[in-house]
Every structure is written in structure tokens, then in C-alpha cells.
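Provide a 3D model corresponding to the input given below.
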Amino acid sequence: MQASFLSAVVLPVALAIIMLGMGLSLAPEDFQRVKKYPKAVAIGLINQLFFLPVIGFIIAKVVPMQPNIAMGLMIVALCPGGVSSNVITFLAKGDVALSVTLTAFSSVITVFTIPLFGNLAYQHFIGQTAAIALPIGATILQVFLMTLLPIGLGMGVRQIFPEVARRLEKVTNRLAVAFLAIIILLLIIREWNNLPGFIVQVGVGVVLLNTIAMLAGFYVSKLFNLNIPQQICIAIEVGIQNGTLAIAITAGLLNNPDMAVPAAIYSLFMNVTGFIAITYGRKLAASNPVQEAIESKV
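Predicted coordinates:
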């Protein structure tokens, strides 16, 4: 993969389109739902922002892997939920309103947590303490420009031109999928010779991170007596990560394509568990017809 082309053109454009599409689906009310069900939002964010990085760190320490791969896995664990989690939650009969809220809040909070914890992880796994790989100020600014600004623009378009926003949302969603496929293809081409070894190393870590995270999200929600749609939503939100942002950070900010391998493989594998979540969620919904109404209107 040509790192300059990836970081200068493909990644910023892809991420901006994905975040713009997310903004087109959001309204200011989505950020106010925390007042309506604070417990569900709090549990979802704790799972996403605390449990997931801890799980990622333990896996990176326990499963044998190169430092670059371990660092890449940690970046995946530090990223916010992916925008596709909203679609998967809808198909799985989960709480879509909660999903949108969690995606929005985690996208804002991780602007600050990625640089902070990313630096700590880089120093731990790579062993470089003199040079900080993720300059906090620059990283916050760059992540802001790649995520929050497009989200804000999308929300503005939706507020002023709702019909235009609805039409654009469909286009941006398709373009986002296409760009992600291109990124993964470029990464596969670039790392073709190393791919078998990487899959052996990364495969176990990715499977463990994704499955343990989703199970943790589901059962922690169950432990705190959230309703079934909320349990499904949080499990999906914790498991469906923003793989494009992880690739942008590793291959772009850190300029290390090897670190981007876990994000690329995770982006593929999470679709498998996403399909399983859809199947399981619909089965749960069918077996619980008296379940309280799902607040799934975005």
C-alpha cells in the first residue's frame, strides 16, 4: 500500500464520507437522550471506553504477537463504535436510538481518549518513550477534522434540508462501504507476502477481542437489568468498531501499515459477528413479543 496515497487521499476522504453520513442521520435530540435513559447510556459508554481497551490490553499481552500488531489491536480497542453499528442494531431489533446516542458520544469522547491512551500503549508495546507517536494536540485536531466536523456538517444539512439529507445519506452509506473495501484491498496488496503470518498472529487476537467484547456488553447489560433491545444494542455497539478510523491512525498518523493489519482484519470479522447478532437479536425479539416498545426511531 502506498502510505502517502492512503494517508493523504483515501483515508481522509473515506472517513469524512462515513462521518458525514452519520451526521446526516443525527439530530440534536440524539445527544439529549442521556436524560431519558442515563443508565443504559452510562453502561454502554463504560463498556465501550473502559472494558473494551482493558480486554484489548489483556489479549495483546497474553496472545503472542509482534509489538506492531499488539499496538494495532490496541488502537482498534480505543476507537469509538462504528457507524454501521446503527444499521446492524436496527436489523437485530435492538434499540436504534440508544445505538445512535452511544455512537455519537463515543465519537466525541474518543477524540480525547485515543491520544492519551494511544500514547501509553505505544510506549508500552513499542518501547519508545522519547518520541510520542500520537502528539496529543495534533491528534485531537486531526481526529476532530476527520470525525466531528463532518458529523456537524451532516447534522446541519439535515436540520436545514431534511429531504436532501435523506437522499445524501443513502449515497454516503454506499460510498463508505466502497471506500472501506478499497482500503482493505490496498492493505492486502501491500502486505500480501506477510499476510499469512499476520493472520496467524492477528486472527486469534481479533476473534477474542470481538467476541469477548460483544459478550461482555451483552451480559453486563443483562446484569443491570436493561431491556432486551438495549442489551442487543450495547453488545453490537461494543463489538462494531470504527475500523476506518483505526486504519487512519495506524497507517496515517503513525505511518505504520503493519499496525493497520488488525484493524483491516477486525473490519472484516466484525461483519461475521454482526450477522450472528442480527440472527440472535431477531430470534430474541420473536420469542419476546410482549417486550416493551423499542425506541428505534432515529
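
Which SSE is immediately downstream of the worst-scoring helix or strand of the chain on mean pLDDT?
The element with the least model confidence among the helices and strands of the chain, by mean pLDDT, DSSP states H and E, is helix 3-5, at a mean of 56. Toward the C-terminus, helix 3-5 is succeeded by helix 11-24 as the next helix or strand (DSSP states H and E).

Averaged pLDDT, that next one. What do you get?
Mean pLDDT, computed over helix 11-24, is 73.

Pull the CA coordinates from that helix and hand them back as CSV.
These are the backbone C-alpha positions of helix 11-24, laid out as CSV (Å, rounded to 0.1, in the frame of the first residue of the first chain):
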residue,chain,number,x,y,z
LEU,A,11,-8.3,7.6,4.4
PRO,A,12,-9.4,11.2,5.0
VAL,A,13,-12.0,11.1,2.2
ALA,A,14,-13.4,7.7,3.3
LEU,A,15,-13.6,8.7,7.0
ALA,A,16,-15.1,12.1,6.1
ILE,A,17,-17.8,10.5,4.0
ILE,A,18,-18.6,7.9,6.7
MET,A,19,-18.8,10.6,9.4
LEU,A,20,-20.9,12.9,7.1
GLY,A,21,-23.3,10.0,6.5
MET,A,22,-23.6,9.6,10.3
GLY,A,23,-24.2,13.3,10.7
LEU,A,24,-27.0,13.2,8.1
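
Packing partners of that helix?
Contacting helix 11-24 under the criterion 3 or more C-beta pairs under 8 Å, 6 or more residues apart in numbering; DSSP states H and E are the following elements: helix 96-125, helix 149-160, helix 162-190, helix 243-247. (C-beta placed from N, C-alpha, C; glycine too.)

Mind doing that once more with 6 Å?
In terms of contacts (3 or more C-beta pairs under 6 Å, 6 or more residues apart in numbering; DSSP states H and E), helix 11-24 is packed against helix 149-160, helix 162-190, helix 243-247.

Run through the neighbouring helices and strands of the helix or strand just after the last one.
In the C-terminal direction, the helix or strand that comes right after helix 243-247 (DSSP H and E) is helix 257-287. Contacts defined by 3+ C-beta pairs under 6 Å, 6+ apart place helix 257-287 against helix 67-78, helix 162-190, helix 195-223, helix 228-239, helix 243-247.

tell me the angle of helix 257-287 relative to helix 11-24?
Counting by axes from the mean of the first three to the mean of the last three C-alpha atoms, to 10 degrees, helix 257-287 points 20 degrees away from the direction of helix 11-24.

going forward, begin numbering at 21 instead of 1
All set: I'll call the first residue 21, so the last point we hit is now helix 277-307.

highest average neighbour count across the helices and strands packed on helix 31-44?
helix 263-267 (a mean of 29; mean count of other C-beta atoms under 10 Å).

circling back to that earlier point, may I see the helices and strands packed on helix 277-307 organised as TSV, with mean pLDDT and distance to Ile66 added?
Supplementary listing: the helices and strands packed on helix 277-307 in TSV, determined by pLDDT from 0 to 100; distance: least, C-beta to C-beta, whole Å:
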stretch	mean pLDDT	distance to Ile66
helix 87-98	92	14
helix 182-210	73	28
helix 215-243	87	8
helix 248-259	92	10
helix 263-267	82	20
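
can the ones you listed go into JSON lines with extra columns for distance to Gly176?
Written out in JSON lines, the entries for the helices and strands packed on helix 277-307 read as follows (distance: least, C-beta to C-beta, whole Å):
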{"stretch": "helix 87-98", "distance to Gly176": "28"}
{"stretch": "helix 182-210", "distance to Gly176": "9"}
{"stretch": "helix 215-243", "distance to Gly176": "32"}
{"stretch": "helix 248-259", "distance to Gly176": "25"}
{"stretch": "helix 263-267", "distance to Gly176": "22"}
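
Between those, which one is closest to Leu288.
Nearest to Leu288, of all the helices and strands packed on helix 277-307, is helix 182-210, at 6.8 Å by C-beta to C-beta.

neighbours around Ala297, how many?
Ala297 has 25 neighbours, counted by other C-beta atoms under 10 Å.

Also Lys55?
Here the neighbour count serves as a burial measure; for Lys55 (other C-beta under 10 Å) it reads 8.
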